[in-house]
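Asks: Sequence first, then the predicted structure:
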Amino acid sequence: GAGVSQSPSNKVTEKGKDVELRCDPISGHTALYWYRQSLGQGLEFLIYFQGNSAPDKSGLPSDRFSAERTGGSVSTLTIQRTQQEDSAVYLCASSLPGRLGGYTFGSGTRLTVV
Amino acid sequence: DAKTTQPPSMDCAEGRAANLPCNHSTISGNEYVYWYRQIHSQGPQYIIHGLKNNETNEMASLIITEDRKSSTLILPHATLRDTAVYYCIVSAGGGNTGKLIFGQGTTLQVKP
């Protein structure tokens, strides 16, 4: 597609439930990144994919968070047993090898845990 | 990746040039300077990047000092829609080197 697509755009879930967030990167972008942004805060790096492998998972805040990428394209970020502190906007970005021209971000998924 | 320092906020009059400074005194020879902005409730938007030479595109100009320890993003004719948080990031490029680290950025308020 023309841009990075994320779904859903908004998600409200009950504490303790699992959620899956989806990211469709720009076609041909082999690098994919997940960030999150809590209200009024900066962007926090979560995980980086190159193809289907994740050489940098250092930003995942706990073992409740996991992500996968299949076919070098779509990525899913899964949060198990959600907590209220997981409420944030989850942003996905993709880039060409070497980040020529920089990242392209999606519009994000706003997750609210109640 | 090298750390950057930006003023927390700036104002600019509509129609005037906005000059956003960034210090990156510990930048390494293979590190690029990237600028992104984030308009309220949207994902960050890439603006421009450079290594040594000054760069210009349809959005902005990037001026990098000769010693590469600082840079300035210039929006030549700021509009109200340029009100956003502007992030200066330094990171190695030329390969899949992973994440960009976003700091707190500069909140630019363009006023009528």
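Replies: Looks like it came in fine. Numbers count the residues shown, from 1 in each chain, chains lettered A, B, ... in the order given.

Asks: For residue B:110, see how far away residue B:74 is.
Replies: Residue B:74 sits 14 Å away from residue B:110, taking CB to CB, to the nearest Å as the criterion. C-beta coordinates here come from the backbone N, C-alpha and C atoms, glycine included.

Asks: neighbour count winner among those two?
Replies: The residue with more neighbours, out of residue B:74 and residue B:110, is residue B:110; 20 against 16, by other CB atoms under 10 Å in any protein chain shown.

Asks: next one: phi and psi at the more buried one?
Replies: In terms of degrees, to the nearest 10, the main-chain angles of residue B:110 are phi -90, psi 120.

Asks: residue contacts, it?
Replies: Listed by CB atoms under 8 Å, 6 or more residues apart in numbering or on different chains, the contact partners of residue B:110 are B:11, B:12, B:13, B:14, B:18, B:78, B:79, B:80, B:81, B:82, B:83.

Asks: cool, residue B:25 as well?
Replies: So residue B:25 contacts B:69, B:70 (CB under 8 Å, 6+ apart).

Asks: go with 6 Å
Replies: residue B:69 (CB atoms under 6 Å, 6 or more residues apart in numbering or on different chains).

Asks: pLDDT at it, what is it?
Replies: Model confidence at residue B:25, given as pLDDT, is 93.

Asks: can you tell me how far it sits from residue B:32?
Replies: Distance of residue B:25 to residue B:32, computed by CB to CB: 16 Å.

Asks: out of everything not next to it in sequence, what's closest to the residue sitting nearest the centre point of chain B?
Replies: Among the residues of chain B, residue B:35 comes closest to the average C-alpha position under CA atoms, centre = their mean, at 3.2 Å. Closest residue in space to residue B:35, ignoring its immediate chain neighbours: residue B:47 at 4.3 Å, by CB to CB, 6 or more residues apart in numbering or on different chains.

Asks: Likewise for residue A:44?
Replies: residue A:36 (5.2 Å).

Asks: Is the one you found within a helix or a strand, and which one?
Replies: strand A:31-37 (DSSP states H and E).

Asks: Off-centre distance for the next helix or strand after that strand?
Replies: The helix or strand immediately downstream of strand A:31-37 is strand A:44-50, counting by DSSP H and E. Taking CA atoms, centre = their mean, to the nearest Å, one finds the center of strand A:44-50 at 8 Å from the center of the full chain.
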